[in-house]
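**Q** dropping the sequence and predicted coords here.
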Amino acid sequence: MDDIASNIRNLRHRVPPDVKIVAVSKTKPVSAIMEAYNAGQRLFGENRVQELLQKKDQLPSDISWHLIGHLQSNKVRSVVPFISMIQSVDSRKLLRVINDEAARTGRIIDCLLQIYIAEEETKYGFTADEAAGTLDSEEFRSMRSVRICGVMGMATFTDDEVQVRKEFRFLADSFKWLKDRFFTDDESFREISMGMSGDYTTAIGEGSTMVRIGSLIFGSRSR
């Protein structure tokens, strides 16, 4: 079995202290998540709502859960009461549903806008212009129960580092453009979530503030 605690220690030596590590625990058992927790990890990311719901009540309540996978509107209500951040806000409709459900529970939900940066049709996300259009809309200005904290993106699954770097740079440029246009004085808008186990060093070099690491912590997926 992978030594999860050692993996986390090694990763922390390689990741700058101002970059957050999201331990991607999808498909991993509660026992493995507890190993990471006991090694000091508190920030975890899950892709599927049903899997997250099955795990969270078996784990300590001070875990910060991030939803990092595509979120269907009809699943929003079940995560809003406890989620720390929804990184995968990929449409205006989804943002509206999150706001409405958060308002019902009296919470303000931290969100990242997922920007489409890859050359793959399977990826979700706004274009940079669509994100700007959403932020510039009267509908968004009326939302009181969501807090936009930055952007997220997923690079193309390829060994071509030049292409991956270009996509990460585009995401960082999109963040700066949106920051200058809509969030100049808003300190909450500060996150660029990009980079996974295979490309996190490239992402950090291009300005990532949050990396989503799975296999380097937990080993390869079980399914």
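**A** On my side now, so go ahead. Residues are numbered from 1 along each chain as shown.
**Q** tell me where this protein has strands.
**A** 20-24, 43-46, 64-67, 85-89, 109-114, 146-152, 191-193, 210-213 (DSSP state E).
**Q** pLDDT weak spots in the protein?
**A** 1-2, 121-123, 221-223 (pLDDT under 70).
**Q** residue 148 contacts residue 134, doesn't it?
**A** No. Look at residue 148 against residue 134 with Cβ atoms under 8 Å: they stay out of range, at 9.3 Å. Backbone N, C-alpha and C define where each C-beta goes, glycine included.
**Q** who's in contact with residue 194?
**A** 152, 153, 154, 155, 168, 171, 172, 203, 206, 208, 210, 211 (Cβ atoms under 8 Å, 6 or more residues apart in numbering).
**Q** ok, residue 132 next?
**A** Contacts of residue 132 (Cβ under 8 Å, 6+ apart): 177, 178, 181, 182.
**Q** any idea how many residues pack against the nearest residue to residue 11 once chain neighbours are set aside?
**A** Closest residue to residue 11 apart from its sequence neighbours, by Cβ to Cβ, 6 or more residues apart in numbering: residue 216 at 6.0 Å. Residue 216 has 20 neighbours, counted by other Cβ atoms under 10 Å.
**Q** and if you look at residue 74?
**A** 9.
**Q** now it: how far from residue 97?
**A** 9 Å (Cβ to Cβ, to the nearest Å).
**Q** please, where are all the helices along this protein?
**A** Counting by DSSP state H, the chain has helices at residues 4-14, 30-38, 49-56, 76-79, 92-105, 128-135, 138-141, 161-182, 200-205, 215-218.
**Q** using CSV, list the CA coordinates for stretch 149-158.
**A** Output in CSV follows, covering the C-alpha atoms of stretch 149-158 (Å, rounded to 0.1, in the frame of the first residue of the first chain):
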residue,chain,number,x,y,z
CYS,A,149,-13.2,33.3,-5.7
GLY,A,150,-11.4,32.8,-9.0
VAL,A,151,-11.2,30.3,-11.9
MET,A,152,-10.5,26.7,-12.5
GLY,A,153,-9.4,24.8,-15.6
MET,A,154,-8.4,21.4,-16.8
ALA,A,155,-5.7,21.1,-19.4
THR,A,156,-5.7,18.7,-22.3
PHE,A,157,-4.7,15.2,-21.4
THR,A,158,-1.5,15.1,-23.3
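**Q** please identify the most buried of the helices of the chain.
**A** The highest average neighbour count among these, using mean count of other Cβ atoms under 10 Å, belongs to helix 215-218 at a mean of 22.
**Q** please state the offset of that helix from the chain centre?
**A** Counting by Cα atoms, centre = their mean, to the nearest Å, helix 215-218 is centred 17 Å from the centre of its parent chain.
**Q** elements contacting that helix?
**A** helix 4-14, strand 20-24, helix 30-38 (3 or more Cβ pairs under 8 Å, 6 or more residues apart in numbering; DSSP states H and E).
**Q** let's check: the centremost residue of the protein is which one?
**A** Nearest to the mean C-alpha position of the chain, by Cα atoms, centre = their mean, lies residue 87 at 3.5 Å.
**Q** quick one: that one and residue 13, what's the gap?
**A** 25 Å.
**Q** what of residue 6?
**A** For residue 6, the distance to residue 13 - Cβ to Cβ - is 11 Å.
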